[in-house]
Structure formats: structure tokens, C-alpha cells
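**Q** Show me the folded form of this:
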Amino acid sequence: QLQLVESGGGLVQPGGSLRLSCAASGFTRNYDAIGWFRQAPGKEREGVSCISSSDGNTYYADSVKGRFTISRDNAKNTVYLQMNSLKPEDTGVYYCAADPTWGIQAMCIMADANYWGQGTQVTVSS
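**A** This is a model prediction of the structure:
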């Protein structure tokens, strides 16, 4: 089994920054695609950004391109999401997820994965 634990959420003003972390434990060799997803109240879950653990290829949703950066530290089994120039519409619960079979683009577009963290709240408000 793979466990994913997110941290780093909080309240930030528009234009501010946050960095989310996702620490993986357990069967850490049991996935390649890992990424961040979010769900705002009353909206469907959407893929934000995904990364390949093996080759570092990345995928970003159009809404976050140029503002968010995903990265990984394989030695620490940790994935990060640096979020800059935050907007109120970025508000939501952010989840880390990983999958052993999806590619990064498919996983992010379908917003589906086999392993999920518990989520961390991000609120962008003045």
C-alpha cells in the first residue's frame, strides 16, 4: 500500500504564494505518475499538475501554467507544488495522488488515481 500525506496549505492573500508538500511512504516504487488535484466547493475535482517520478516530465492545467511549479525529490519520496500569484479561484482542497498505470497527462486530465492523500485546504482571500 502507498500512503500520501499532504502539508503546506493555509490562508493567503491574492497574489501571495504557498508551497505544498506530499510525502509518500509504503510501497513507494508502486507508482510513476504523481500529482496534485483540487476541488472547490460545488465543483468537480480537477487535475492541477502531474509529474513523472522516473523522467521528470510534467503536465499543468492551463489555469495554473506560469504560476505553479511541480517538482519532486525522489530521495525524500516527496513531491512539491510551488504556487505563486495565487488567485481566489485557486481556493479549494488540494489532494496529492499517485497511480501505477496512468501516464501523467491522462491522470491529470481524468483527475483519477489509485492512491490519494487526505487533502489540505488552500484559501486565497483578502
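**Q** how about the residue most central in space within the chain, what does it touch?
**A** The centre of the chain sits closest to residue 36, judged by C-alpha atoms, centre = their mean, with a distance of 1.6 Å. Residue 36 sits next to 20, 22, 47-50, 70, 79, 81, 94-97 when contact means C-beta atoms under 8 Å, 6 or more residues apart in numbering. For glycine as for every other residue, the C-beta is placed from the backbone atoms N, C-alpha and C.
**Q** cool, residue 34 as well?
**A** Per C-beta under 8 Å, 6+ apart, neighbours of residue 34: 22, 24, 50-51, 53, 72, 79, 96-99.
**Q** Could you rerun that using 7 Å?
**A** 50-51, 53, 79, 98 (C-beta atoms under 7 Å, 6 or more residues apart in numbering).
**Q** Now find how far off-centre the helix or strand where residue 98 lies is within its chain.
**A** Using DSSP states H and E, residue 98 sits within strand 92-99. Offset of strand 92-99 from its chain centre (C-alpha atoms, centre = their mean, to the nearest Å): 5 Å.
**Q** go on, stretch 57-74?
**A** 9 Å.
**Q** Can you tell me what sits against it?
**A** 36, 46-51, 53, 79-85, 104-105, 108.
**Q** Repeat that for stretch 81-88.
**A** By C-beta under 7 Å, 6+ apart, stretch 81-88 touches 12, 14-20, 36, 49, 67-70, 90, 124-125.
**Q** please redo it, this time with the cut-off set to 10 Å
**A** Here stretch 81-88 makes contact (C-beta atoms under 10 Å, 6 or more residues apart in numbering) with 6, 8-9, 12-22, 35-36, 38, 48-49, 51, 63-64, 66-71, 90, 94, 96, 122-126.
**Q** Partner strands of the strand holding residue 98 and their direction?
**A** Strand pairing for strand 92-99, using DSSP bridges, gives strand 33-39 (antiparallel), strand 115-116 (antiparallel), strand 120-124 (antiparallel).
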